[in-house]
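In: Provided below for reference: sequence and predicted model.
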Amino acid sequence: MAYTTSTNVAMLLNTSFSGTSDPTQTEVNDIIARVEDFIEQYTGRIWSTATTTEIFDTLDDDRLALSGLSYTPSSRQTVFFLKNRPVISLDSLQENVGGLTSESWQSRATGYAGDALLYPGEGYVEFFETQPSAGLRNVKVTYTYGVSVTPNDIKYATELLTAEEVLNAQQGGQQLTSISVGDASYQWGSIKDQQEAYHGKAMAILNARRMTTTGFAY
């Protein structure tokens with residue numbers, strides 16, 4: 001799910017994009033996708049939703065001792081940390097009871113009346129009464145993570161950085177006196193000022209989000 005649209009970027013630049021404009025609507029969408037990748041890497045998380053599946057080993061007492069991890073009072077691993085957070089929903093929790101040569105995945109109940117609980121903000125699943133057996137690649141977790149609605153400040157940061165990149169692309173590394181973006185024209189003296197303003201506003205937003213991500217504040 002894209003964080004913003006080429007139409008919103010066009011509004012910021014006071015122009016419009018189409019299949020025949022320069023840049024085209026498709027080219028602006030490509031820039032948006034690259035900016036979104038940068039934002040996700042910079043803030044350390046996604047600002048939309050995605051679904052993924054992870055498969056874990058369940059360690060027993062001996063392997064836990066070798067790993068340096070401690071899970072007590074159980075003699076087997078009970079906590080499984082997911083790669084992504086925050087988690088929106090735990091879509092499927094399964095245990096392979098057939099071994100590596102003949103997989104047989106059985107669903108495990110989740111929730112307060114089930115076998116395991118999800119801690120969405122922290123990003124882990126914990127088994128309680130009925131724990132999985134020790135084994136290799138025998139716990140499978142399918143979950144949806146991210147945020148259901150992209151925050152407005154992230155949308156705005158995406159638009160600002162995309163607008164900056166559109167202006168960069170139109171300059172093409174040349175010292176031009178003016179450039180055209182869609183139906184709009186910009187004089188050279190104002191281009192650099194606009195780019196710096198766009199960049200500064202966007203990075204202020206992303207720096208603030210980067211700090212709150214570290215502290216689990218979403």
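Out: Thanks, I have the structure now. Numbers count the residues shown, from 1 in each chain.

In: please count neighbours and contacts with C-alpha atoms only from this point.
Out: Noted.

In: mind listing what's buried in stretch 115-129?
Out: 115-120, 123-127 (16 or more other C-alpha atoms under 10 Å).

In: for the chain, what helix or strand is lowest in average pLDDT?
Out: In the chain, the helix or strand scored least confidently by mean pLDDT, DSSP states H and E is helix 61-67, which has a mean of 48.

In: which SSE is immediately downstream of that helix?
Out: Using DSSP states H and E, the next helix or strand after helix 61-67 towards the C-terminus is strand 79-81.

In: name the helices or strands packed onto that following strand?
Out: In this structure, strand 79-81 makes packing contacts with strand 124-127, judged by 3 or more C-alpha pairs under 8 Å, 6 or more residues apart in numbering; DSSP states H and E.

In: and T158, how far from E95?
Out: Going from T158 to E95 by C-alpha to C-alpha, to the nearest Å gives 40 Å.

In: now do N168
Out: For N168, the distance to E95 - C-alpha to C-alpha - is 51 Å.

In: doesn't V149 fall inside a helix?
Out: No - under DSSP: H, G, I helix; E, B strand; the rest coil, V149 falls outside any helix and is assigned coil.

In: count the residues that sit near it.
Out: For V149, the neighbour count with other C-alpha atoms under 10 Å is 11.

In: grab the nearest non-local neighbour of it.
Out: S48 (6.4 Å; C-alpha to C-alpha, 6 or more residues apart in numbering).

In: now the strands: where do they sit in this protein?
Out: With strands called from DSSP state E, the chain shows them at 49-58, 79-81, 87-96, 105-107, 116-119, 124-127, 135-146, 178-181, 184-187.

In: let's have these in JSON lines, adding mean pLDDT and distance to S18.
Out: Shown next, in JSON lines, are the strands of the chain (pLDDT from 0 to 100; distance: least, C-alpha to C-alpha, whole Å):
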{"stretch": "strand 49-58", "mean pLDDT": "96", "distance to S18": "28"}
{"stretch": "strand 79-81", "mean pLDDT": "95", "distance to S18": "45"}
{"stretch": "strand 87-96", "mean pLDDT": "96", "distance to S18": "36"}
{"stretch": "strand 105-107", "mean pLDDT": "96", "distance to S18": "49"}
{"stretch": "strand 116-119", "mean pLDDT": "96", "distance to S18": "45"}
{"stretch": "strand 124-127", "mean pLDDT": "96", "distance to S18": "45"}
{"stretch": "strand 135-146", "mean pLDDT": "95", "distance to S18": "31"}
{"stretch": "strand 178-181", "mean pLDDT": "60", "distance to S18": "11"}
{"stretch": "strand 184-187", "mean pLDDT": "62", "distance to S18": "13"}
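
In: turn those strands into a markdown table, columns for distance to Q195.
Out: Formatted as a markdown table, the strands of the chain follow (distance: least, C-alpha to C-alpha, whole Å):
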| stretch | distance to Q195 |
| --- | --- |
| strand 49-58 | 30 |
| strand 79-81 | 41 |
| strand 87-96 | 36 |
| strand 105-107 | 53 |
| strand 116-119 | 42 |
| strand 124-127 | 41 |
| strand 135-146 | 30 |
| strand 178-181 | 13 |
| strand 184-187 | 12 |
